[in-house]
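Novice: Take a look and give me a structure for this.
(one chain, ligands or ions: 2)
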Amino acid sequence: MKNRVLIIGSGGREHAFAWKISKSEKVDKIFVAPGNGGTENENKTINIDIPPNDTASLIKFSKSKNIDLVVIGPEDPLVNGITDEFNKEGINCFGPTAEAAKLEGSKGYSKMFMKKYNIPTADFSTFDDVDAAKNYAKDQTYPLVIKADGLAAGKGVLIVEDYESASKIIAEFMDDKKFGEAGKKIVIEEFLTGQELSFIVMVNGNEILSLATSQDHKTIGDGDKGLNTGGMGAYSPVPFVNKELNEKILNQVIKPTVKGLKNEDVYYRGFLYAGLMIDENLEPKVLEYNCRFGDPETQPIMMRLDSDLFELIDNCFKDGINNYPIQWNSKVALGVIMSSKGYPESYESGFEISGLGNLNTNHLKIFHSGTKMENEKILTNGGRVLCVTALGDDIHKSKKLAYSAVDKITWKGKYFRKDIGFRVMK
Ligand code: AMP
Ligand code: GLY
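Specialist: Ligands and ions are numbered 1, 2, ... in the order given. Okay, the predicted model is just below:
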């Protein structure tokens with residue numbers, strides 16, 4: 001009997017999951033709730049019009065279609081406890097419970113957790129009082145990092161250069177509620193320098209399986225300038241991660257995290273993403289945890305994954321995932337996000353995208369993020385619209401291939417960074 005999978009989410013990550021799972025011999029049907037214009041056209045895949053936070057309808061749907069495996073893409077449903085609800089119904093749901101997802105859902109909690117378990121991270125203080133936060137900011141060295149405690153789609157972190165800006169941001173977060181309840185509490189932390197690294201693993205209780213390394217480009221502008229976004233492009237693997245650094249990350253970050261969860265009596269099953277800063281001495285510090293796969297990291301990583309993604313996830317419901325013989329393509333994958341003009345602030349949607357025809361090959365895949373299909377046309381439907389992902393013999397070749405496709409795709413107000421991969425390119 002072949003399996004039926006339900007993927008929850010509507011971004012590029014979910015398109016990449018659907019695309020990869022559709023290649024599994026063990027799967028004959030994939031539903032994506034709600035999906036996008038890309039998943040709508042993927043093999044074996046059907047979009048269903050249920051929002052990611054409508055847990056009751058998702059459970060009802062899963063029962064009616066005899067779903068064997070549910071894979072949760074985004075963080076909100078996880079933090080809101082979707083896995084707990086599927087667990088009650090006895091349906092296999094891949095992603096941590098609400099309690100385990102607090103590692104991403106509350107930055108204050110995750111910082112306390114790291115402190116308790118001696119996991120390297122930036123020095124910090126947390127505040128729920130605006131005057132105390134402003135007073136603290138007065139005596140700090142700048143730049144300084146201000147973070148909303150709760151979920152803010154990657155946009156709730158600001159780096160400020162002086163006290164005046166810090167005080168303005170603190171007021172915006174805490175008094176003006178720019179991010180609603182998410183900014184009621186804030187974390188103020190030391191500014192770290194170095195290179196960022198996305199280190200993503202699969203966890204099943206005590207067991208850990210490392211996935212390929214990747215590096216995201218978080219800000220909107222070239223040269224890592226401007227506002228933070230959900231991510232404007234990523235590549236895999238990251239060349240500076242040698243064996244020694246890999247071991248260091250496992251021993252200083254990943255293993256202590258998994259052990260700490262166990263010590264807190266929290267069972268974690270799902271992807272676990274450590275967002276790291278690596279300094280010039282190749283010492284890692286954790287910037288944040290995510291309780292899910294990264295977007296856009298998923299897109300290049302899935303391009304390189306030669307193993308069966310369904311099998312990998314399904315094996316996390318048994319013992320022994322740490323011994324899975326995972327296979328990677330040795331080429332370099334690089335994905336460029338094409339976004340709507342104005343993102344990550346306000347932008348317009350609904351523009352027809354042209355130039356998409358016949359671009360996909362074994363070495364190039366256009367993953368959709370914010371798109372929808374209407375009357376046979378693909379329209380923009382979000383801030384991040386596409387992730388053009390190429391596989392090449394080296395990063396230069398994959399970059400060239402990705403950007404040659406970016407140039408062929410157009411809509412009114414398309415925007416993209418021109419320098420994805422620049423930190424490791426001469
Ligand atoms: P976070 O959501 O906490 O990962 O923060 C989003 C982005 O802000 C990170 O990917 C970094 O680019 C930047 N960032 C966060 N914390 C720091 C820090 N302590 N020092 C420097 N940059 C940071
Ligand atoms: N690309 C960053 C994230 O998924 O949080």
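
Novice: which SS state does the residue nearest the centre of the chain fall under?
Specialist: For the chain, the residue lying nearest the average C-alpha position, counting by C-alpha atoms, centre = their mean, turns out to be Gly294 (1.9 Å). State at Gly294, reduced to three classes by DSSP: H, G, I helix; E, B strand; the rest coil: coil.

Novice: unless I'm mixing things up, it is touching Gly233, no?
Specialist: No: contact criterion C-beta atoms under 8 Å: Gly294 and Gly233 do not qualify, at 11.8 Å. Where C-beta positions appear, they are placed from N, C-alpha and C, glycine not excepted.

Novice: hmm, back to that, torsion angles phi and psi at the residue nearest to the centre of the chain?
Specialist: When read as degrees, to the nearest 10, the backbone of Gly294 gives phi -80, psi 150.

Novice: where does this structure have low pLDDT?
Specialist: Along the chain, the model assigns pLDDT under 70 to residues 154.

Novice: where do the contact lists of Gly294 and Gly233 overlap?
Specialist: Counting by C-beta atoms under 8 Å, 6 or more residues apart in numbering, the common neighbours of Gly294 and Gly233 are Asp216.

Novice: sorry, back to before: list the contacts of the residue nearest to the centre of the chain.
Specialist: For Gly294, the contacting residues are 13, 198, 200, 214, 216, 231, 234, 273, by C-beta under 8 Å, 6+ apart.

Novice: With respect to Lys414, which of the residues you listed is nearest?
Specialist: Gly231 (17.1 Å; C-beta to C-beta).

Novice: So what's the residue count around Ser354?
Specialist: Per other C-beta atoms under 10 Å, the neighbour tally for Ser354 reads 12.

Novice: Let me know whether it touches Lys412 as I believe.
Specialist: No: taking C-beta under 8 Å as the definition, Ser354 is not a contact partner of Lys412, at 10.3 Å.

Novice: Packing partners of the helix or strand containing Val71?
Specialist: Assigned by DSSP states H and E, Val71 belongs to strand 69-72. On a contact count with 3 or more C-beta pairs under 8 Å, 6 or more residues apart in numbering; DSSP states H and E, strand 69-72 meets strand 3-9, helix 82-89, strand 93-94, helix 309-315.

Novice: can the helix or strand following the last one be found next to ligand 2?
Specialist: Next helix or strand after helix 309-315 toward the C-terminus (DSSP H and E): strand 332-340. No: counting by C-beta under 6 Å from any ligand atom, ligand 2 is not contacted by strand 332-340; separation bottoms out at 9.6 Å.

Novice: Convert strand 332-340 to CSV, retaining C-alpha atoms only.
Specialist: The C-alpha trace of strand 332-340 is given here as CSV (Å, rounded to 0.1, in the frame of the first residue of the first chain):
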residue,chain,number,x,y,z
VAL,A,332,26.4,23.0,-4.8
ALA,A,333,22.8,24.2,-4.8
LEU,A,334,22.0,27.9,-4.7
GLY,A,335,18.6,29.5,-4.5
VAL,A,336,17.7,33.1,-5.2
ILE,A,337,14.5,34.6,-3.8
MET,A,338,12.5,36.8,-6.1
SER,A,339,10.3,39.1,-4.1
SER,A,340,7.6,41.8,-4.4
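
Novice: Can you name the residues of the stretch 251-400 of the chain sitting close to ligand 2?
Specialist: Taking C-beta under 6 Å from any ligand atom as the contact definition, the stretch 251-400 of the chain meets ligand 2 at 290, 294-295, 297.

Novice: Drop anything exposed from the residues you listed.
Specialist: Burial by neighbour count, judged by 16 or more other C-beta atoms under 10 Å, picks out 290, 294-295, 297 from those.

Novice: Residues touching the strand holding Val71, excluding its own?
Specialist: Identification of contacts with strand 69-72 by C-beta under 8 Å, 6+ apart yields 3-9, 17, 21, 52, 58, 62, 78, 82-83, 86, 91-95, 270, 292, 310, 313-314.
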